[in-house]
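Novice: Task: produce atomic coordinates for the following.
(one chain, ligands or ions: 1)
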Amino acid sequence: LQRERAGDQPAAVSVSEEPRTLDQFDIAGRSALVTGAASGIGLAYAEAMAEAGAKVTITDIDAEGAAREAARFTDQGYEARWESCDVSDLDQVAQAFDNHVAAYGGCDIAFANAGLDVGNGFWSPEDERNPAGQIDVFPKDSWDKSIGINLTGVFHTLREAARVMKANEGNGQRRGGSIVITSSNAAEVNEAIVGVPYMAAKAGVKHFMRHAAYELAAHGIRVNAIAPGPFVTNIGDGWVKKNPKAKEAWDKLVPVGRMAETYQIKPLALLLASDAGSYMTGSHVMIDGGMQLGPIKPL
Ligand code: NAD
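Specialist: Numbers count the residues shown, from 1 in each chain. The predicted model follows:
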């Protein structure tokens with residue numbers, strides 16, 4: 001152990017010849033593309049990547065929001081750009097990745113995050129946005145929309161991320177990359193509070209992620225999923241932000257006693273995106289305040 005001391009701080013040397021722990025989280029000079037990054041969890045991922053030194057492309061179907069956030073990042077001295085991109089459209093996803101590679105020379109990190117919940121009428125007894133909660137009357141167009149974004153949108157993003165990451169070496173970039181998908185605790189447990197297709201999509205995402213991780217490992221591309229429990233975001237039209245009573249009810253459903261704030265997902269995002277997660281692939285990582293430990297009841 002050769003640790004020189006500067007004041008009270010240990011010097012930045014490793015106790016062994018191997019990489020120092022904190023250095024493994026360093027992604028300076030790399031680039032990351034995030035889908036659905038104008039808001040909520042995707043925005044937190046983009047912030048985490050920028051804060052850790054990466055160049056970031058913020059993509060979203062909400063072009064105005066993506067432009068607003070990219071400008072905010074740039075104002076704060078981070079390297080950021082934006083793309084309008086609906087993940088349910090393969091051509092738009094392919095174009096966003098191509099533009100990212102043209103701007104940054106390659107793509108090291110991709111977050112397949114964009115998603116929404118069409119709801120099923122169980123948000124609260126007062127919420128009548130979609131009273132058709134039951135399977136026998138669930139609207140087919142709502143099913144198609146949810147699957148098209150939450151499942152097919154993830155396929156599109158993985159497909160194009162794999163394409164550009166396989167080409168990294170030819171571009172003179174670092175080989176391979178890291179792909180992180182936003183799944184949900186609803187992939188694991190029956191969560192009657194969210195939409196019927198949402199659960200099916202997230203369970204599908206989980207298994208698709210496992211196959212993608214298996215197939216892409218030989219190319220140096222890791223694929224993992226983050227499975228959040230309830231986070232305060234704009235999902236469900238920002239229902240919990242607008243309704244303090246709904247937020248209170250949700251807080252009570254979580255074993256740790258509260259919904260999460262988006263900053264709490266950033267360290268996990270960085271772990272999976274960086275070399276700190278170099279031996280992680282095919283993992284479905286829960287960050288849910290313990291919600292998978294007990295039954296989840298409708299509000
Ligand atoms: P959010 O509404 O705050 O953010 C979602 C973003 O995705 C928005 O900016 C929206 O414009 C964008 N988006 C929607 N449809 C899109 C499309 N077709 N193409 C591109 N962008 C699109 O919600 P969030 O909670 O941050 O959701 C992000 C992800 O987290 C989703 O996949 C969601 O299923 C997942 N998730 C959220 C929670 C939670 O409690 N908030 C829990 C588990 C999983």
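Novice: Could you report the distance from Asn150 to Ile193?
Specialist: Distance of Asn150 to Ile193, computed by Cβ to Cβ, to the nearest Å: 16 Å. The C-beta positions use only the backbone N, C-alpha and C, and glycine is treated the same way.
Novice: do Ile135 as well
Specialist: If you go by Cβ to Cβ, the gap between Ile135 and Ile193 works out to 15 Å.
Novice: higher neighbour count, these two?
Specialist: Neighbours were tallied for Ile135 and for Ile193 using other Cβ atoms under 10 Å; the higher tally belongs to Ile193 (23 against 9).
Novice: is it fair to say that one lies in a helix?
Specialist: No: under DSSP: H, G, I helix; E, B strand; the rest coil, Ile193 falls outside any helix and is assigned coil.
Novice: Asp288 reaches Gly229, doesn't it?
Specialist: Yes: under the criterion of Cβ atoms under 8 Å, Asp288 makes contact with Gly229 at 2.8 Å.
Novice: shared neighbours of the two, which are they?
Specialist: Shared between the contact lists of Asp288 and Gly229 (criterion: Cβ atoms under 8 Å, 6 or more residues apart in numbering) are residues Asn185, Val254.
Novice: Can you give me every residue that contacts the residue in the stretch 51-200 of the chain that the ligand sits nearest to?
Specialist: Using Cβ to the nearest ligand atom, the point where the stretch 51-200 of the chain gets nearest to the ligand is Gly115, with a distance of 2.3 Å. Gly115 makes contact with Gly36, Ile149, Asn150, Gly153, Thr182, Ala201, Ile235 under the criterion Cβ under 8 Å, 6+ apart.
Novice: Pick out the most distant pair among the residues you listed.
Specialist: Gly153 and Ile235 (14.7 Å; Cβ to Cβ).
Novice: any idea of the pLDDT on the residue nearest to Val154 when sequence neighbours are not counted?
Specialist: Leaving aside its sequence neighbours, Val154 sits nearest to Ala112 (Cβ to Cβ, 6 or more residues apart in numbering; 4.6 Å). Ala112 carries a pLDDT score of 99 in this model.
Novice: can you count the residues close to Ala112?
Specialist: For Ala112, the count of nearby residues is 32 (other Cβ under 10 Å).
Novice: Do I have it right that it meets Ile179?
Specialist: Yes: in this structure Ala112 lies within contact range of Ile179 using Cβ under 8 Å: 6.7 Å.
Novice: and for those two, which residues touch both?
Specialist: Common neighbours of Ala112 and Ile179 (criterion: Cβ under 8 Å, 6+ apart): Leu158, Ala161.
Novice: if we can go back for a sec, so the residue nearest to Val154 bridges to which residues?
Specialist: Ile181 (DSSP bridges).
Novice: Cool, thanks, talk later.
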